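J.: Structural data only, the sequence is not supplied:
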């Protein structure tokens, strides 16, 4: 971005980027460059992990609840219920409160990412054998500039995997203009007859970001009056 100065000019980058060779803006990895950037301010608070993003970062929880064992995943972590505390088949309250497995995935998406795109693939075969019910839920979707909640549920769909037997895929079918933070969760519930026998959850924390070029383009574009309604796709159709 070119900034006029008295008698001259200078190049500078948006926040979260650093000017590098050839006048290009490169992402700053705050997780590596800022010591203990996600250290809690209070000693009693849980420690958080840092997730570096294009032009920023997020501090996210990396703790499992009591009774669960933690294992690392490529882009998150898994909480597996200790077998000594497994629920009895048919105990719906226990199965709801203590899912057999809880995966937490942190996924960065560029606003111009190609669609359709598989966000994650979940194998259902870890659950007890039975009829598997699949439920995708949206917990929040917040636009970080306007601070408004948006409805992004129409951006996702579920499908049975064609290449991985026994797996369900969460598909992104629409691009989402940045910057937006979204939490959706996939619930797998196994039942036999009228009896619920298994439950697992996969939480997907989605961070929709912009490149430096996209951010500069947005900053220099003429502003339109902000729509007040919260239906994001209605806003999109009106633009």
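T.: Arrived safely, thanks for sending. Bear in mind the structure is a predicted one, so any value in this text is a computation, not a measurement.
J.: could you say what helices and strands whichever strand in the chain runs longest packs with?
T.: Criterion DSSP state E: the longest strand present in the chain is strand 195-209. Applying 3 or more CB pairs under 8 Å, 6 or more residues apart in numbering; DSSP states H and E, one finds that strand 195-209 contacts strand 48-53, strand 56-61, helix 92-97, strand 101-110, strand 117-123, strand 180-192. Heads up, the C-betas are built off the backbone N, CA and C, glycines and all.
J.: let's see it at 7 Å
T.: Judged by 3 or more CB pairs under 7 Å, 6 or more residues apart in numbering; DSSP states H and E, the packing partners of strand 195-209 are helix 92-97, strand 101-110, strand 117-123, strand 180-192.
J.: Show me the one of these that comes nearest residue 144.
T.: Closest of the helices and strands packed on strand 195-209 to residue 144 is strand 180-192, at 6.5 Å (criterion: CB to CB).
J.: who does the closest one touch, helix- and strand-wise?
T.: For strand 180-192, the packing partners by 3+ CB pairs under 7 Å, 6+ apart come out as strand 131-143, strand 195-209.
J.: just these: most buried one?
T.: The highest mean neighbour count among the helices and strands packed on strand 180-192, using mean count of other CB atoms under 10 Å, belongs to strand 195-209: a mean of 21.
J.: Okay, domains of the protein per the record?
T.: Domains of the chain are assigned by automatic domain parsing as 1-61, 64-238.
J.: now the helices and strands packed on strand 180-192 as CSV including mean pLDDT and distance to residue 122?
T.: As requested, the helices and strands packed on strand 180-192 are exported to CSV (pLDDT from 0 to 100; distance: least, CB to CB, whole Å):
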stretch, mean pLDDT, distance to residue 122
strand 131-143, 94, 9
strand 195-209, 96, 5
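J.: Quick one: closest of the ones you listed to residue 48.
T.: For residue 48, the closest of those is strand 195-209, at 12.4 Å, according to CB to CB.
J.: re the thing from before, just send the helices and strands packed on strand 195-209 back as CSV, with distance to residue 172 too.
T.: As requested, these are exported to CSV (distance: least, CB to CB, whole Å):
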stretch, distance to residue 172
helix 92-97, 28
strand 101-110, 7
strand 117-123, 5
strand 180-192, 10
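J.: For the ones you listed, please prepare TSV with the additional fields mean neighbour count and mean pLDDT.
T.: Shown next, in TSV, are the helices and strands packed on strand 195-209 (neighbours: other CB atoms under 10 Å; pLDDT from 0 to 100):
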stretch	mean neighbour count	mean pLDDT
helix 92-97	14	93
strand 101-110	19	97
strand 117-123	15	97
strand 180-192	19	96
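J.: so which of these comes closest to residue 158?
T.: Among the helices and strands packed on strand 195-209, strand 180-192 comes nearest to residue 158, with 7.6 Å by CB to CB.
J.: what inclination does the closest one have with respect to strand 131-143?
T.: Angle of strand 180-192 versus strand 131-143, following axes from the mean of the first three to the mean of the last three CA atoms, to 10 degrees, is 170 degrees.
J.: Need the contact partners of strand 180-192.
T.: Strand 180-192 is contacted from outside by 122, 124, 127-128, 130-144, 150, 152, 156, 170, 196-208, using CB atoms under 7 Å, 6 or more residues apart in numbering.
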